[in-house]
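*Asks:* sequence and predicted structure, then a few things I'm wondering about:
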Amino acid sequence: MLLQTLVTGLSIGGIYSLMAVGYSLIASILSFSNFAHGAVIMLGAYIGLALATKLNLGLGLVLTGGVIGAGFIAVFNERIAYAALRHRNAPPLYLMISAMGCSMFLENMVYATIGSRLYGFPEFFKRQVVHVWGSSLSLLDVSAFVVSMAAILALHIFIMRTRTGIAIRAGVGDMTMCSLMGVNTDRLISIVFFLAGAFAGVAGIFLGVKYLVYPTMGWVTNKAYIAAVIGGLGSLPGALIGGLILGVVETLVSTYVSSVVRDIFSFSMLIALLICLPNGLMGRETEEKV
């Protein structure tokens, strides 16, 4: 029972981590919280749903289509809503307000065009289970965790081993200096948003497969934001650790205490952690430049 609960928690935590990585990528390079990230996750789920139901594609192609579609949606969102503000050196608060507006616009566009019905993905795993040490583990949960960890590992290798990854790390340190060194910062930011959108696409599809697809499903990113803050907003390892911690803790509380107090416990944990560690578990201390 405990092993099954832990695997379920790691599965949910892996999805939280995918979403939190998107938050942290953008926060690390632009110093603002992209609250439109949840809408990109929702649209990625709808793209995957269309590929699965209209074209009868398998999970692999559905994931590929969702990743590419959500990635380009995130880039388009940045060009429309944030680029002009960036070029005018607007404060991060303005970017956050614009992000909130984008989120509401995209959700209402889905309401107006697709409707408010709840949709389910085909049963890719057909309720298959894996038996380990006397516990029956859902193949969906195991797959979600494995794919999440593989995606985050691939991102880590990309950032640490490629020229574009080095440029992203340089931009995190000082975007102005990065620009003076000849880096096309607009292109760099587009790559960061595409990566964040790609992770949103994977998270949205697994959320849709595990639960349902509907216009407000992006609000689950509140949990991902908690995970990102717990790990340290702007830290990719922190996003991974924060997501896994939150997923496991929520599952344990739901199983052994009550699902009613799950969200209360999550937000209480966030408040307690920020009181003790304002920068999260792996966040770095920053100072305002004047």
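*Replies:* Great, that's in hand. Numbers count the residues shown, from 1 in each chain.

*Asks:* list the buried residues in the longest helix along the chain.
*Replies:* Longest helix in the chain, counting residues (DSSP state H): helix 2-30. For helix 2-30, burial by neighbour count (16 or more other Cβ atoms under 10 Å) applies to 4-30. No exception for glycine: its C-beta is placed from N, CA and C like everyone else's.

*Asks:* how about the helix or strand following it as CSV, C-alpha atoms only?
*Replies:* The element immediately downstream of helix 2-30 (helix or strand, assigned by DSSP states H and E) is helix 37-54. Only the C-alpha atoms of helix 37-54 are listed here, as CSV (Å, rounded to 0.1, in the frame of the first residue of the first chain):
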residue,chain,number,x,y,z
HIS,A,37,1.5,29.0,-18.3
GLY,A,38,-1.6,27.2,-17.1
ALA,A,39,-3.5,28.2,-20.3
VAL,A,40,-0.6,26.8,-22.4
ILE,A,41,-0.9,23.5,-20.5
MET,A,42,-4.6,23.4,-21.2
LEU,A,43,-4.1,24.1,-24.9
GLY,A,44,-1.4,21.4,-25.1
ALA,A,45,-4.0,19.0,-23.6
TYR,A,46,-6.6,20.0,-26.2
ILE,A,47,-4.0,19.6,-29.1
GLY,A,48,-3.2,16.1,-27.8
LEU,A,49,-6.8,15.2,-27.4
ALA,A,50,-7.5,16.3,-31.0
LEU,A,51,-4.6,14.2,-32.3
ALA,A,52,-5.8,11.2,-30.3
THR,A,53,-9.5,11.3,-31.1
LYS,A,54,-9.6,12.8,-34.6
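
*Asks:* report all helices and strands that the next helix or strand after helix 37-54 contacts.
*Replies:* Once helix 37-54 ends, the next helix or strand along the chain (criterion: DSSP H and E) is helix 59-77. Applying 3 or more Cβ pairs under 8 Å, 6 or more residues apart in numbering; DSSP states H and E, one finds that helix 59-77 contacts helix 37-54, helix 185-210.

*Asks:* give me the angle between helix 59-77 and helix 2-30.
*Replies:* 30 degrees (axes from the mean of the first three to the mean of the last three Cα atoms, to 10 degrees).

*Asks:* output the contacting helices and strands for the helix or strand that comes right after helix 59-77.
*Replies:* Where DSSP H and E defines the elements, the next helix or strand beyond helix 59-77 is helix 83-87. Applying 3+ Cβ pairs under 8 Å, 6+ apart, we find helix 83-87 packed against helix 92-113.

*Asks:* got the residue ranges for the helices in the stretch 151-290 of the chain?
*Replies:* 163-173, 175-180, 185-210, 221-231, 236-256, 262-276 (DSSP state H, counting those that start in this stretch).
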